[in-house]
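Student: Below is the structure, and that's it, no one-letter string:
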């Protein structure tokens, strides 16, 4: 399926390893621009009653999901993993398959490692994968760029958080359009 074949009714969001100790490796200024996009996608997909999955890479060593993300989740039930690809954990595979999702929007850390590995595995297993470039981060710009470029070359759809949401809603007549505009205004005013 291509990006334009993506339907709201079969889309899930995955928040990959947005953890306390990993955050310390990220440049604060960049994180401050990525976090609002992750929260925008989280808020909207939950509002639209689509599945949102959270993964944590080795939480004993890397800590829990950051508070700003936890606080926005309707239910916080992280899927613990030790593999770099979320797909490497059977519990992730089972939960994703049960959700009925055919399209997965990936956000989180790090673009060149866990996002990259997960995207590749999901694509290999028949999922349509979208990575909003403004909602993923790496500990360096070159790593981030390289991860995105490699995923795009492999057929992963690289987009932006707003493009994904506008596409999923399809029209200003969608009942969630007002909510999205309100959230976008919050981001632009920094509230």
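Tutor: Nice, thanks for sending it over. Everything quoted here is computed from the prediction, not taken from an experiment. Numbering: from 1, shown residues only.
Student: And the lowest-mean-pLDDT helix or strand in the chain, what's buried?
Tutor: Scoring the helices and strands of the chain by mean pLDDT, DSSP states H and E places helix 20-23 at the bottom, with a mean of 82. Using 16 or more other Cβ atoms under 10 Å as the test for burial, helix 20-23 gives 22-23. For glycine as for every other residue, the C-beta is placed from the backbone atoms N, C-alpha and C.
Student: What of stretch 128-147?
Tutor: So, applying 16+ other Cβ under 10 Å, buried residues of stretch 128-147: 128-139, 143-144, 147.
Student: How about stretch 105-125?
Tutor: 105-123.
Student: the strands in the protein, which residues?
Tutor: 11-16, 52-57, 79-81, 103-109, 128-132, 136-137, 157-159 (DSSP state E).
Student: need those in JSON lines with distance to residue 70 and mean pLDDT, can you?
Tutor: Below are these laid out as JSON lines (distance: least, Cβ to Cβ, whole Å; pLDDT from 0 to 100):
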{"stretch": "strand 11-16", "distance to residue 70": "10", "mean pLDDT": "96"}
{"stretch": "strand 52-57", "distance to residue 70": "8", "mean pLDDT": "94"}
{"stretch": "strand 79-81", "distance to residue 70": "14", "mean pLDDT": "93"}
{"stretch": "strand 103-109", "distance to residue 70": "13", "mean pLDDT": "96"}
{"stretch": "strand 128-132", "distance to residue 70": "20", "mean pLDDT": "96"}
{"stretch": "strand 136-137", "distance to residue 70": "17", "mean pLDDT": "96"}
{"stretch": "strand 157-159", "distance to residue 70": "26", "mean pLDDT": "95"}
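Student: so can I have CSV of these showing distance to residue 30?
Tutor: CSV is the format used below for these (distance: least, Cβ to Cβ, whole Å):
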stretch, distance to residue 30
strand 11-16, 16
strand 52-57, 20
strand 79-81, 24
strand 103-109, 11
strand 128-132, 15
strand 136-137, 6
strand 157-159, 17
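Student: check contacts around the residue nearest to the spatial centre of the chain.
Tutor: Nearest residue to the geometric centre of the chain (Cα atoms, centre = their mean): residue 107, 2.2 Å. With contact taken as Cβ atoms under 8 Å, 6 or more residues apart in numbering, residue 107 is in contact with 13-16, 18, 37-38, 41, 115, 131-132, 135-136.
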